[in-house]
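Following is a predicted model, sequence given first.
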Amino acid sequence: MTGTLVITGVNGFVGTHLAALARTAGHRVIGIGRESEPSSELAANLDHYLAADLYATWPVTEPVDAIVHLAGLAAVGPSFREPQRYIEVNSGIMTRMCETLLAQHQSPRIVVVSSGAVYAPPTGATPVTEDSPLSYTSPYAVAKILVENQARYYATRGLDTIIARPFNHIGPGQGAGFLIPDLIAAIKALPENDSITVGNLDTARDYTDVRDVARAYLTLAFATAHQHDIYNVATGTAHTGREVLTTIAEALGRPVPATTVDPARLRPNDPPFIVGDATRLRDEYDWEPAVAWTQSIEERIAQAR
């Protein structure tokens, strides 16, 4: 099945990959972003681009088949500095989009992108399922859970909403402010025999390549039906920050550097271990991660070169 797909937050890391994947699959793609225009790379995969502040307006007036809602304030760390802004902006965008769709008498499939960060820390190495308890460990998680609840509310109003909970995603195109791009930049700039400043590298996370994540969203957007309203997007395997550091150093042909912990980079209530269980996505749609996490890192390094 092909149709018209709207991607909010299209200029971001995931949006760029999703647009390319959707175009390859034969969909008509409408992108929405805050920027005045898309990059040339992104524009090649869009049929139409709309520059808009989604907190203030929903700019799409034509009927569409599906929406992948990526727009909003992202990243856990900065949310501690601006907690109320994260809550207001992310929930406000959701309200504006859904109320406008109701007023237009439209009901496209809406894939609401949440996060694996909403889960409570598991006991031991137990994978997190969609039924696992939630936890409010950051303003970012609070905002995501609020948007999920809005998705459920609008489902009772007749909108076709699905919640996707991706765990950490990585790969080419990921910008500064995330673990892998920041470690790559730090090691490349490191003087010989010096140390790099880091946060907590002992926590373990489930890393999925961005292209596998985009494929999961596209699958959910155009599936003829869905048995559940929440789907994890994860590999089922976790790696510590120190494993990531070692992999990056080896790929760069550099020795693994010494590290110095900056207390300012430590996050309150940071869970030591999180790994996701994507059994629902696998069983219902035959989705499987196809790109190894080491390949994701190597391709991000190649891009940095």
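Yep, it's here.

Could you use CA atoms for every contact and neighbour count after this?
Noted.

Please name the residues that touch Leu281.
Neighbour list for Leu281: Ala216, Tyr231, Asn232, Val233, Trp287 [criterion: C-alpha atoms under 8 Å, 6 or more residues apart in numbering].

which SS state does it fall under?
Following DSSP: H, G, I helix; E, B strand; the rest coil, the label given to Leu281 is helix.

Could you list which of the contacts of Leu281 belong to strands?
Here DSSP state E is the test, and these give Tyr231, Asn232, Val233 as lying in strands.

Can you identify each of the helices in the stretch 1-150 of the chain by residue range?
For the stretch 1-150 of the chain, helices defined by DSSP state H, counting those that start in this stretch occupy the ranges 13-24, 40-43, 76-79, 83-103, 139-156.

chain center to the first one: distance?
On the basis of C-alpha atoms, centre = their mean, to the nearest Å, helix 13-24 is displaced by 13 Å from the centre of the chain it belongs to.

pretty sure Leu183 is in contact with Leu245, am I right?
Yes: assessed by C-alpha atoms under 8 Å, Leu183 is found in contact with Leu245 at 6.9 Å.

Tally up the residues packed near Arg152, please.
By other C-alpha atoms under 10 Å, 17 other residues sit near Arg152.

Test my guess that it contacts Leu159.
No: using C-alpha under 8 Å, Arg152 is not in contact with Leu159, being 9.1 Å away.

Enumerate every residue touching the closest residue to Asn269 other than its chain neighbours.
Among residues not flanking Asn269 along the chain, Thr137 sits closest, at 5.8 Å (C-alpha to C-alpha, 6 or more residues apart in numbering). Residues near Thr137 by C-alpha under 8 Å, 6+ apart: Val118, Ala120, Pro268, Asn269, Asp270.

and those residues as JSON lines, adding neighbour count, pLDDT and distance to Gly276?
As requested, the contacts of Thr137 are arranged in JSON lines below (neighbours: other C-alpha atoms under 10 Å; pLDDT from 0 to 100; distance: C-alpha to C-alpha, whole Å):
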{"residue": "Val118", "neighbour count": "22", "pLDDT": "94", "distance to Gly276": "12"}
{"residue": "Ala120", "neighbour count": "16", "pLDDT": "91", "distance to Gly276": "12"}
{"residue": "Pro268", "neighbour count": "10", "pLDDT": "76", "distance to Gly276": "21"}
{"residue": "Asn269", "neighbour count": "10", "pLDDT": "72", "distance to Gly276": "19"}
{"residue": "Asp270", "neighbour count": "13", "pLDDT": "78", "distance to Gly276": "16"}
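
and which of these is nearest Asp209?
Proximity to Asp209 was ranked across the contacts of Thr137 by C-alpha to C-alpha; first place goes to Val118, at 19.8 Å.

That closest one contacts Ser135, doesn't it?
Yes: with contact defined as C-alpha under 8 Å, Val118 and Ser135 form a contacting pair (5.8 Å).

Lowest-scoring secondary structure element of the protein by mean pLDDT?
Least confident helix or strand of the chain, by mean pLDDT, DSSP states H and E, is helix 76-79 with a mean of 87.

Mind listing residues that contact that helix?
For helix 76-79, the external contacting residues (C-alpha under 8 Å, 6+ apart) are Tyr86, Ser138, Pro139, Tyr140, Ala141, Arg267.

related to what we said a few turns ago, what residues are shared contacts of Val118 and Ser135?
Taking C-alpha under 8 Å, 6+ apart as the criterion, Val118 and Ser135 both touch Ala141.

Just the endpoints, please. Distance across stretch 165-174?
Start and end residues of stretch 165-174 are separated by 19 Å (C-alpha to C-alpha, to the nearest Å).
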